[in-house]
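[1] Let me see the structure of the following:
(one chain, ligands or ions: 1)
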Amino acid sequence: MSKETVMRRVCDLHNDREGFEVPLTVGVHAYALDLCYECQEALLAAVEPFTDAAPAPAAQPTPARRTRKTAAPRTVPMLVREWCAANGVPVSPHGKIPRVVEDQYLAAQA
Ligand SMILES: [Zn+2]
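    Numbering: from 1, shown residues only. Have a look, this model is predicted:
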């Protein structure tokens, strides 16, 4: 008999929901959160008073070499899905957002 082990990322607060990695750094404190869409929305709402008051971030200098294999996410899936819904762009309510849809979203934000 063969076995298959499947690893699934789940929300840190809701173990029954799919989670997505959300890197969070506040000063010297760094976290790797796994959050469902609802929790991402709650986190964004909680920090909104601070992010709204902050100036836009300055461009970061390009590092001499990459120290991580995975790039930081380019978009917040919940926000992309909200934009897709408002603009009639079809996208699955679950899973990774296709690069072409991310590109459309980013182009619309520019
Ligand atoms: Zn959650």
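
[2] wait, doesn't L35 sit right on P23?
    No - the pair formed by L35 and P23 falls short of the contact definition of C-beta atoms under 8 Å, at 10.9 Å. The way it works is simple: take the backbone N, C-alpha and C, and place the C-beta from them, glycine included.

[3] neighbour count winner among these two?
    For L35 versus P23, the count of surrounding residues by other C-beta atoms under 10 Å is larger for L35: 24 against 11.

[4] If you tally nearby residues, what's the number for T75?
    Summarising burial for T75: neighbours were counted as other C-beta under 10 Å, giving 16.

[5] Which secondary structure element is home to it?
    Using DSSP states H and E, T75 falls within no helix or strand.

[6] which one is it nearest to, not counting chain neighbours?
    Spatial nearest neighbour of T75, excluding adjacent residues (C-beta to C-beta, 6 or more residues apart in numbering): E102 at 5.3 Å.

[7] How about the helix or strand containing that neighbour, which residues are buried there?
    Per DSSP H and E, E102 falls inside helix 99-109. Taking 16 or more other C-beta atoms under 10 Å as the basis for neighbour counts, the residues of helix 99-109 that come out buried are 101-102, 104-105.

[8] Likewise for stretch 4-18?
    C11.

[9] Got phi/psi on V22?
    With angles defined as degrees, to the nearest 10, V22 shows backbone torsions of phi -130, psi 100.

[10] Could you give the bridge partners of it?
    V22 has these beta-bridge partners by DSSP bridges: L33.

[11] looking at it, it is touching C36, isn't it?
    No - the pair V22 and C36 does not pass the contact test of C-beta under 8 Å, sitting 10.2 Å apart.

[12] okay, the two: which has more neighbours?
    A side-by-side neighbour count of V22 and C36, using other C-beta under 10 Å, places C36 first with 21 against 18.

[13] can you pull the contacts of the more buried one?
    Under the criterion of C-beta atoms under 8 Å, 6 or more residues apart in numbering, the neighbours of C36 are 11, 13-14, 17-20.

[14] Now do the strands in the chain.
    In order along the chain, the chain carries the following strands (DSSP state E): 20-26, 29-35.

[15] All set now, cheers.
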